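*Asks:* Just need the structure, nothing else, for what follows:
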Amino acid sequence: MPAPTAAAPPPASIEVRGLTKSYGDHRVLRGIDLTVPRGTVFALLGPNGAGKTTLVRALATLQPFDGGTARVEGRDVRTQPAAVRGLIGLTGQYASVDELLTGEENLVMVGRLLHLGRARARRRAAELLDRFDLTAAARRQTRTYSGGMRRRLDLAASLMASPPVVFLDEPTTGLDPRSRRTMWDVVRAMVADGTTVLLTTQYLEEADRLADRIAVLHGGRVATEGTAAELKAQVGRERVTLTLARPADLPAAARLLRAADPQADPADGTLSLPLHRTDDLRALLNALADARLPVTAVRITAPTLDDVFFAVTAPAELETAR
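*Replies:* Numbering: from 1, shown residues only. Modelled structure (predicted):
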């Protein structure tokens, strides 16, 4: 009986190989390699200036890159820019809507610019206003919209031509938690319909909740890449946080447990340590009890994307770029 064959990976929607970009002597992108499977959310994380927006702008044909190759749905970004622009939608960091027009007029205008025709543009605008819960505000000037409504309208505009690939550059920056969750629901619905989403974000929870794969950029390079679970596993095991009964005992407790490499937080009177085995916790508590350093609370946490972010970006002092 023949051995079962491994399932083929989904086709790539975005392929980037060795992408470089410099401004004068300043190297912004230093050889980026990425593969984004079709119909998934791929998140780019990184500190300010890591090159996230530069990469998105290069892929969206908004600025040339110096070296390497990039393809979107099989089209070469450098040699087939018009074809690429016909396949993508882009929502930047700030909502780009005309405040003097109504929400409906904004979408119809975009549709006309995309040569949809008046009737088709109106039908598509109505569909998107309903999808983004903006029908009730469709005929209000957008200057009366909240920040979350403007962001939803901006995203709706990028979907007027039903593009198979959408670039979202920090789409929820500045939104309140409720509006941010609404945007997450919109992104999930887009992907469920088969859209590929390349997302940059400063919110690690956002990447954790939405992304199928995540890449952390640092200094213009991909420092690490994988699923959220894979990245967390790279950081290490669970950590235990011990709250001391007397905050003044923190220095003594840190010295006692220095072999375990504790991280002290004087503001909270806590020690945080890696937890390799369950028996380690018993040993830690016994050592503190023997030294008459009582503990009032114990909290065990799994690694988070915050831990990944700090582990990847903190150690190296790399040159970064806007």
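*Asks:* tell me which element the residue lying closest to S96 once chain neighbours are set aside is part of?
*Replies:* Spatial nearest neighbour of S96, excluding adjacent residues (CB to CB, 6 or more residues apart in numbering): D154 at 6.1 Å. All C-beta atoms are positioned from the backbone trio N, CA, C, and that covers glycine. Element membership for D154, per DSSP states H and E: helix 147-158.
*Asks:* re the thing from before, count the residues that sit near the residue nearest to S96.
*Replies:* As a burial measure, D154 scores 21 neighbours (other CB atoms under 10 Å).
*Asks:* Return the residues in contact with G68.
*Replies:* By CB atoms under 8 Å, 6 or more residues apart in numbering, G68 lies in contact with 16-20, 31-32.
*Asks:* Between these, which sits nearest G111?
*Replies:* For the contacts of G68, the closest approach to G111 (CB to CB) belongs to V16, at 30.1 Å.
*Asks:* Can you verify the closest one is assigned to a helix?
*Replies:* No - when the secondary structure is assigned by DSSP: H, G, I helix; E, B strand; the rest coil, V16 falls in strand instead of a helix.
*Asks:* For this protein, which segments count as helices?
*Replies:* Under the criterion DSSP state H, the chain carries helices at the ranges 52-59, 81-85, 103-113, 118-131, 147-158, 177-192, 204-210, 228-235, 250-256, 278-290, 305-313.
*Asks:* ok, and what's touching the shortest one?
*Replies:* Here helix 81-85 makes contact (CB under 8 Å, 6+ apart) with 60-61, 72-73, 75-77.
*Asks:* Could I get those residues in CSV, plus columns for distance to K232 and neighbour count?
*Replies:* Conversion of these to CSV gives the following (distance: CB to CB, whole Å; neighbours: other CB atoms under 10 Å):
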residue, distance to K232, neighbour count
A60, 30, 21
T61, 35, 19
V72, 30, 28
E73, 31, 19
R75, 35, 17
D76, 35, 14
V77, 32, 25
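*Asks:* Look up how far V312 lies from the nearest residue to V222 once chain neighbours are set aside.
*Replies:* Leaving aside its sequence neighbours, V222 sits nearest to A215 (CB to CB, 6+ apart; 5.1 Å). Distance of A215 to V312, computed by CB to CB, to the nearest Å: 10 Å.
*Asks:* how close does the closest residue to R209 other than its chain neighbours get to F309?
*Replies:* Residue nearest to R209 in three dimensions, not counting chain neighbours: W184, with 6.2 Å by CB to CB, 6+ apart. When CB to CB is the yardstick, W184 and F309 sit 19 Å from each other.
*Asks:* Of these two, which one has the most company?
*Replies:* Just comparing W184 and F309: by other CB under 10 Å the higher neighbour count belongs to F309, 21 against 16.
*Asks:* Would you mind measuring from that one to H218?
*Replies:* Distance of F309 to H218, given as CB to CB: 9 Å.
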